[in-house]
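Peer 1: okay, here's the prediction I keep looking at, along with the sequence it came from:
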Amino acid sequence: METSNLTLLILYLAIPSLLISAVQQILSWRKKTTSTTISLVGSSGKNLKKFPGPRQFPLVGRIHDLPRFGLWLKFKEWADEYGPIYTTSVPDATFIIVSDEKIAEELLVKRGHIYSGRPQIRSLIGHKEGVVYSALMDRHDTWKLQRKWCHAAMAHAHRSHFYGHIESETRRFLILLLLSPDQFLDHTREFCGRVMSRLAWDDATQGRLNGESADKTLHCMSVSGPITNTMTPLWGLPGVINPWYRYEVQRERELRGWWLGLFRRAKERMRRGELPGDTWAYRYFEQVLNETAPVTPGDARVPGPDVSGSKPKTQEGGRGGKGEGKEEVFEKKDALDQPEKDETFASCMIGFLNLVGVVTISGPLKFFEMAMALHPEWQRKAQAEIDEVCGDRMPTIADFEKLPILRACLKETVRWRSGVPLGVPHQAERDDEYRGVKIKKGTIVLACEWTINRNPIKYPSPETYNPARYLDPSYPTFQAPLTRYPNFREGSSMHSFGWGRRTCLGQNIVDDEMFVFGAALLWAFDVTPKTCPVTGREVPIDTMKTNSHVILEPVDFELGFRVREGKRERVLEGGKEFFGKV
Ligand code: HEM
């Protein structure tokens, strides 16, 4: 059948479902109008308040002028018009959009016991229930177990500064940049994918796939993704004529199968005593052997105590753990024969942690590369600092305290071009009232990061890329001592990582990974805009051109990377671990 015929057939079949949904909408709208009218007149006879916001239209709310791409820009425009808290709606959902840190704090942190659910993303199957995407689950036992485990695993790895994986992958990245600078966007994302895959399974070869898979998943969960995320009634079409549903079933099956395969391969290596101790998989299997691993809720076994303080199985700078405790592992190997549902639970828990850590970091790193090219004055300041501290050796996390200018450049990058510009939506788990306004269970509360980052009082001249905000005491975001601040774990501007019970679990690795990558890049290379070989002019960079997922990466821009004097040999030397003699 030709595509156009197929489209006609789909539309033809979709019409009854859309009509039914429209009738349902009218009925529920009438019901809502009546109850809203009643609730607007309180027992005292006074009108009750409601939040300001754009005028809502019957059936559609404001769906017609919510762009599928760059939604945060529209939310900022409305914030300028309606203030720091306003309401809007689309069919099936009411939103409260918050653009002020204090209000977000009051709702999402102080009232975290109410506002910590996650709203339904239409095209992502069963995400609220679990077990696949912990960041998108409602606040139930599966989420609690996964969050607790991931939190402890991340904290444990951070104490060893991620076992040197970041430095080692950075050395590989630098050599790739030397060899094929035009592919810097791919190299940057692959770097992030490899760090995560090493941490998860000791399998860096999955790094590229990790990025691609994260990209596909993000597409499916974004407003800009499948049309069924906005035209939600289409999701109700029967499976045979529902290409979006069929695609999603297949995609999720592949994702889970891939994670389970990696999990089982790691388990086999654990049985043979060959899995390094510097991986999250090792940590989990060790807990299974000690019967303290978290298991699927409802399982007869109860999860044991948090074992994050257990002795690390790595040695400084080395792989460690290989073969350690080998005999004991063999003796107890039957304990690793788990029910499939426990394997699914654990493989998704580790798999998702590994997936979420790829583009969340590669987006900000790509923006950092862009910012350095556009602001050579800041690049030079950061390089002067790096040269003084590190000289001929590549920077490592040990240089953290001594490189505040570099840290300020990184921190300002995440403010200037947010990686998660909408924030991640929270959902009211029950009815509530805030500042005299009733908020219904199910309302979606969005603290819009893009707008919060543009508060002119906290961030004067917010559109300007200005790392001095974190270095100069005259700015409201400055914090001392500069040996410690700015960073991505604490202090000012932590709103970038979300709120309350759902706060990001990746802050530690963001802090280490962005620091080492940024410092090493500027140590080895000068980053410039690209010069067109034909015209000799600079190729313009559109700093707003990004994908439009919930997590942003800049796209379609070119840069030049010139190895700095005396650094070529050093870079080649550092890459030997991966490439031998290049
Ligand atoms: C600059 C990079 C990053 C930014 C800006 C960021 C931001 C965020 C935000 C805004 C949320 C939602 C918080 C909320 O709902 O209020 C979140 C959640 C989360 N992040 Fe990150 N993130 C980053 C990197 C990472 C990394 C590298 C990892 C893991 C390796 C990670 C793991 C998570 C997880 C697991 C959640 C879900 C928490 C939950 O729902 O319980 N993030 N992050």
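Peer 2: Cool, got the structure.
Peer 1: closest point of the stretch 1-150 of the chain to the ligand, which residue?
Peer 2: residue 135 (3.3 Å; Cβ to the nearest ligand atom). In this view, the C-beta of every residue, glycine as well, is placed from N, C-alpha and C.
Peer 1: repeat for the stretch 351-500 of the chain
Peer 2: Proximity to the ligand, evaluated over the stretch 351-500 of the chain using Cβ to the nearest ligand atom, is greatest for residue 498 at 2.1 Å.
Peer 1: sorry, back to before: could you measure the closest residue to the residue of the stretch 1-150 of the chain closest to the ligand other than its chain neighbours against residue 278, distance?
Peer 2: In space, and not counting its chain neighbours, residue 135 is closest to residue 356: 6.2 Å by Cβ to Cβ, 6 or more residues apart in numbering. The spacing between residue 356 and residue 278, counted by Cβ to Cβ, to the nearest Å, is 20 Å.
Peer 1: so between those two, which is more surrounded?
Peer 2: Taking neighbours as other Cβ atoms under 10 Å, residue 356 and residue 278 compare with residue 278 leading, 25 against 22.
Peer 1: now stretch 69-77: buried residues?
Peer 2: The neighbour-count check on stretch 69-77 (16 or more other Cβ atoms under 10 Å) flags 70-72, 74-76 as buried.
Peer 1: need those residues in JSON lines with secondary structure, distance to the ligand and pLDDT, can you?
Peer 2: Converted to JSON lines, these look like this (DSSP: H, G, I helix; E, B strand; the rest coil; distance: Cβ to the nearest ligand atom, whole Å; pLDDT from 0 to 100):
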{"residue": "70", "secondary structure": "coil", "distance to the ligand": "18", "pLDDT": "87"}
{"residue": "71", "secondary structure": "helix", "distance to the ligand": "15", "pLDDT": "91"}
{"residue": "72", "secondary structure": "helix", "distance to the ligand": "12", "pLDDT": "94"}
{"residue": "74", "secondary structure": "helix", "distance to the ligand": "19", "pLDDT": "95"}
{"residue": "75", "secondary structure": "helix", "distance to the ligand": "15", "pLDDT": "96"}
{"residue": "76", "secondary structure": "helix", "distance to the ligand": "17", "pLDDT": "97"}
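Peer 1: looking at those residues, which is nearest residue 166?
Peer 2: residue 72 (29.7 Å; Cβ to Cβ).
Peer 1: contacts only, for that closest one.
Peer 2: Contact analysis of residue 72 by Cβ atoms under 8 Å, 6 or more residues apart in numbering lists 418, 421-422, 448-451.
Peer 1: go again with 10 Å.
Peer 2: When contacts are counted by Cβ atoms under 10 Å, 6 or more residues apart in numbering, residue 72 touches 418, 420-423, 446, 448-451, 453, 548, 552.
Peer 1: what does residue 523 give?
Peer 2: Counting by Cβ under 10 Å, 6+ apart, residue 523 has contacts 170, 174, 382-383, 386-387, 389-395, 399, 406, 564, 567, 570-571.
Peer 1: and for residue 221?
Peer 2: By Cβ under 10 Å, 6+ apart, the residues touching residue 221 are 121-124, 127, 133, 135-136, 229, 424, 549-551.
Peer 1: try it again with 7 Å
Peer 2: Shown in contact with residue 221 (Cβ atoms under 7 Å, 6 or more residues apart in numbering): 121, 124, 136, 550.
Peer 1: same question, residue 216
Peer 2: The contact partners of residue 216, by Cβ under 7 Å, 6+ apart, come to residue 251.
Peer 1: going by neighbour count, list what's buried in the helix or strand encompassing it.
Peer 2: If you go by DSSP states H and E, residue 216 is part of helix 207-221. Neighbour counts over helix 207-221 (16+ other Cβ under 10 Å) mark 207-208, 210-211, 213-215, 217-221 as buried.
Peer 1: show me what from this structure comes close to the ligand.
Peer 2: 134-135, 147, 150, 353, 356-357, 360-361, 364, 414, 419-420, 423-424, 426, 496-499, 502-506, 509-510 (Cβ under 6 Å from any ligand atom).
Peer 1: out of these, which are buried?
Peer 2: 134-135, 147, 150, 353, 356-357, 360-361, 364, 414, 419-420, 423-424, 426, 496-499, 502-506, 509-510.
Peer 1: now, those that are in strands?
Peer 2: residue 426 (DSSP state E).
Peer 1: show me where pLDDT drops low in the stretch 51-200 of the chain?
Peer 2: For the stretch 51-200 of the chain, not a single residue meets the criterion pLDDT under 70.
Peer 1: where do the strands sit along it?
Peer 2: Listed in chain order, the strands of the stretch 51-200 of the chain (DSSP state E, counting those that start in this stretch) span 85-90, 93-98.
Peer 1: quick one: these as TSV, columns for mean neighbour count and distance to residue 440 too.
Peer 2: Formatted as TSV, the strands of the stretch 51-200 of the chain follow (neighbours: other Cβ atoms under 10 Å; distance: least, Cβ to Cβ, whole Å):
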stretch	mean neighbour count	distance to residue 440
strand 85-90	20	11
strand 93-98	22	7
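Peer 1: so what's residue 127 closest to, chain neighbours aside?
Peer 2: Spatial nearest neighbour of residue 127, excluding adjacent residues (Cβ to Cβ, 6+ apart): residue 136 at 4.3 Å.
Peer 1: isn't that neighbour up against residue 118?
Peer 2: Yes: assessed by Cβ atoms under 7 Å, residue 136 is found in contact with residue 118 at 5.2 Å.
Peer 1: which one of the buried residues of stretch 69-77 sits closest to residue 64?
Peer 2: residue 74 (11.6 Å).
Peer 1: tell me how many other residues surround the closest residue to the closest one other than its chain neighbours.
Peer 2: Sequence neighbours aside, residue 67 is the residue nearest to residue 74 in space, at 5.7 Å (criterion: Cβ to Cβ, 6+ apart). Number of residues near residue 67 (other Cβ under 10 Å) recorded here: 12.
Peer 1: residue 67 reaches residue 77, doesn't it?
Peer 2: No: under the criterion of Cβ under 7 Å, residue 67 is not in contact with residue 77, lying 10.4 Å apart.
Peer 1: run a quick neighbour tally on whatever residue of the stretch 151-300 of the chain ends up closest to the ligand.
Peer 2: Across the stretch 151-300 of the chain, no residue is closer to the ligand than residue 196, which sits at 6.5 Å (Cβ to the nearest ligand atom). When neighbours are counted by other Cβ under 10 Å, residue 196 registers 30.
Peer 1: measure it to residue 165 for me?
Peer 2: To residue 165, residue 196 is 9 Å away according to Cβ to Cβ.
Peer 1: so where's the stretch 201-350 of the chain uncertain?
Peer 2: Residue ranges of the stretch 201-350 of the chain with pLDDT under 70: 299-333.
Peer 1: residue 389: neighbour count?
Peer 2: By other Cβ under 10 Å, 16 other residues sit near residue 389.
Peer 1: that one touches residue 402, doesn't it?
Peer 2: Yes: judged on Cβ under 7 Å, residue 389 makes contact with residue 402 at a distance of 4.6 Å.
Peer 1: pick the one among the contacts of residue 72 closest to residue 266.
Peer 2: residue 420 (29.6 Å).
Peer 1: need the pLDDT of that closest one.
Peer 2: Among the per-residue scores, residue 420 shows a pLDDT of 95.
Peer 1: who are the contact partners of it?
Peer 2: 449, 550-551.
Peer 1: can you put those in CSV and add pLDDT?
Peer 2: Below are the contacts of residue 420 laid out as CSV (pLDDT from 0 to 100):
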residue, pLDDT
449, 98
550, 86
551, 93
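Peer 1: adding neighbour count and secondary structure, write those out as JSON lines.
Peer 2: Shown next, in JSON lines, are these (neighbours: other Cβ atoms under 10 Å; DSSP: H, G, I helix; E, B strand; the rest coil):
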{"residue": "449", "neighbour count": "25", "secondary structure": "helix"}
{"residue": "550", "neighbour count": "24", "secondary structure": "coil"}
{"residue": "551", "neighbour count": "25", "secondary structure": "coil"}
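Peer 1: thanks a lot, see you next time.
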